[in-house]
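Undergrad: with the input below, show me the fold.
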Amino acid sequence: MIKRLVMLVLVASSCVESYEPGIELNASYIVVTGGISDISATSVKVERTVAINTNDLSTGSEVNEAITGLQITLYDEDGPQEVLLDQGDGNYAGVSVGVVGRAYHIQILMPNGDQIVSSPQTLKPGPEVADLLLEQFTELEQVGNNEIGVDGLNLNLYMNQSEVISHYYKWTLHGTYEFQAPAVPGFSCYVNDGYFGFFGLAESISSDKDLFSKRLIFLEPNGRKFSIGYSIEVSQYTMTDDAYNYWKKIDDQQNNVGSVFDSPPARIEGNLSYSDKEETILGFFEVNSIRKKRLFINPTDFAESPILATAACAPEKLNPPDWCSDCTALPSSTSKKPIFWP
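TA: Numbering: from 1, shown residues only. Here you go, the predicted model:
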């Protein structure tokens, strides 16, 4: 039987995803994000988000204040498992790794004695990523009244249908590329490209084919990033029903295109609440199974190999960028080759 497939796009900037919660002016809310997986220990971030009234609805801003000094305990169905370590700046970390089939939640004890708890979420098993494949593709982009074709690569993910369980998934991508300063050829740096501005969701994956496939992202032939070599790691997360519904509501809100007469963004509550009062807590404590796969991209994978633009480093330039002679001047770069580099 063919089940429907729903795909969305959000923005992910880190392992602990965050979002703009549509907070009312002059309001103050606690935001809790984090989770546990079968390959990583518990991590939680707790902040107080305060909206500042600037007397102009179009320029209202928010300030995030880290909350420290909390006691955060991880529970499973057998009771408390560990108390997380306060690492400062609102970050708390544990050492226990999640076990498939067990249900986890956290309890946060505030300095004033209030308790915040998350609803239990069961860690569901996840299938391996069968393959990552590149496909040369021409993407049409709207430029004024014209459509312009851009030659690049589709990154496609595949899963074996026999391993797929009918629940929810999301994917994040992380990249690293090799770079050589034009003035010092042969000396390489490796630049952490961070998480792509990409976040995908899929609901009830199934089809009548042996392999499920999903296009994750279109890669344009950026000369700085792809002229030597690029490594991309895909992380695939199983999601509970509650987590999927939470992120779907956020996506629906962020992608809602309406008029000035539409209602302002609503606060989207997750799976956390006070144990004895009605005050709103924002955020979600997730429980995921994670599978990762890495792919190396060569310049020759593109229809035309990307070339690094070096005009800014020409000898006649009076103040060339620092990276022209020192590749470590690029943000998030290092001269140490990563262990995964071929």
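Undergrad: list the contacts of the longest strand along the chain.
TA: Counting by DSSP state E, the longest strand found in the chain is strand 146-160. Strand 146-160 is contacted by residues 127-142, 171, 173, 205, 210-221, 232, 234, 236, 295, 297, 301-304 when judged by C-beta atoms under 8 Å, 6 or more residues apart in numbering. The C-beta positions use only the backbone N, C-alpha and C, and glycine is treated the same way.
Undergrad: dump the helix or strand encompassing residue 218 to CSV, restricted to CA.
TA: For residue 218, the host element (DSSP states H and E) is strand 211-219. Coordinates of the C-alpha atoms in strand 211-219 are reproduced here as CSV (Å, rounded to 0.1, in the frame of the first residue of the first chain):
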residue,chain,number,x,y,z
LEU,A,211,14.1,2.0,-1.9
PHE,A,212,12.7,5.2,-0.5
SER,A,213,14.4,8.2,-1.9
LYS,A,214,14.4,11.9,-0.9
ARG,A,215,16.2,14.9,-2.4
LEU,A,216,17.9,16.6,0.6
ILE,A,217,19.4,19.7,-1.0
PHE,A,218,20.6,21.3,-4.3
LEU,A,219,24.3,22.3,-4.3
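Undergrad: elements contacting it?
TA: Helices and strands touching strand 211-219, by 3 or more C-beta pairs under 8 Å, 6 or more residues apart in numbering; DSSP states H and E, are strand 146-160, strand 168-180, strand 199-203.
Undergrad: quick check: mean pLDDT of that strand?
TA: Mean pLDDT, computed over strand 211-219, is 86.
Undergrad: got the angle for that strand vs strand 168-180?
TA: 40 degrees (axes from the mean of the first three to the mean of the last three C-alpha atoms, to 10 degrees).
Undergrad: contacts for whichever helix or strand comes after strand 211-219 next, please.
TA: Using DSSP H and E, the helix or strand that directly follows strand 211-219 along the chain is helix 223-226. With contacts defined as C-beta under 8 Å, 6+ apart, helix 223-226 is touched by 175, 177, 179, 191, 193, 219, 297, 299, 302, 306-309.
Undergrad: least confident pick among those residues?
TA: Note: of the contacts of helix 223-226, the lowest pLDDT belongs to residue 309, at 84.
Undergrad: flag the shaky bits of this structure, pLDDT-wise.
TA: 1-27, 52-61, 164-166, 195-209, 256-266 (pLDDT under 70).
Undergrad: again, only this time at 50
TA: 1-15, 18, 23, 25, 56-59, 197, 257-261 (pLDDT under 50).
Undergrad: quick one, helices of it?
TA: Assignment of helices within the chain using DSSP state H yields the ranges 223-226, 241-254.
Undergrad: beta partners for the nearest residue to residue 218 once chain neighbours are set aside?
TA: Excluding its sequence neighbours, the residue lying closest to residue 218 (C-beta to C-beta, 6 or more residues apart in numbering) is residue 139, at 5.1 Å. In this structure, residue 139 bridges to residue 150 when assessed by DSSP bridges.
Undergrad: quick one, what contacts residue 139?
TA: Per C-beta under 8 Å, 6+ apart, neighbours of residue 139: 149, 150, 152, 218, 220.
Undergrad: residue 190 now?
TA: When contacts are counted by C-beta under 8 Å, 6+ apart, residue 190 touches 176, 177, 178, 179, 333, 334, 335, 336, 337, 338, 341.
Undergrad: not counting its neighbours along the chain, what's nearest residue 167?
TA: Spatial nearest neighbour of residue 167, excluding adjacent residues (C-beta to C-beta, 6+ apart): residue 124 at 5.8 Å.
Undergrad: what's the burial count for the one you found?
TA: As a burial measure, residue 124 scores 18 neighbours (other C-beta atoms under 10 Å).
Undergrad: contacts only, for it.
TA: 100, 165, 167, 238, 240, 289.
Undergrad: phi, psi of it?
TA: phi -90, psi 150 (degrees, to the nearest 10).
Undergrad: quick check: it vs residue 293, distance?
TA: 19 Å (C-beta to C-beta, to the nearest Å).
Undergrad: about what we covered before: which one, of the helices of the chain, ends up nearest to residue 269?
TA: Evaluated over the helices of the chain, closeness to residue 269 peaks at helix 241-254, with 8.3 Å, by C-beta to C-beta.
Undergrad: quick check: buried residues in the closest one?
TA: 242, 243, 244, 245, 246, 247, 248, 250, 251, 253 (16 or more other C-beta atoms under 10 Å).
Undergrad: between it and strand 168-180, how many degrees?
TA: Going by the same axes, to 10 degrees, helix 241-254 makes 70 degrees with strand 168-180.
Undergrad: off-centre distance for helix 241-254?
TA: In terms of C-alpha atoms, centre = their mean, to the nearest Å, the centre of helix 241-254 is set 14 Å apart from its chain centre.
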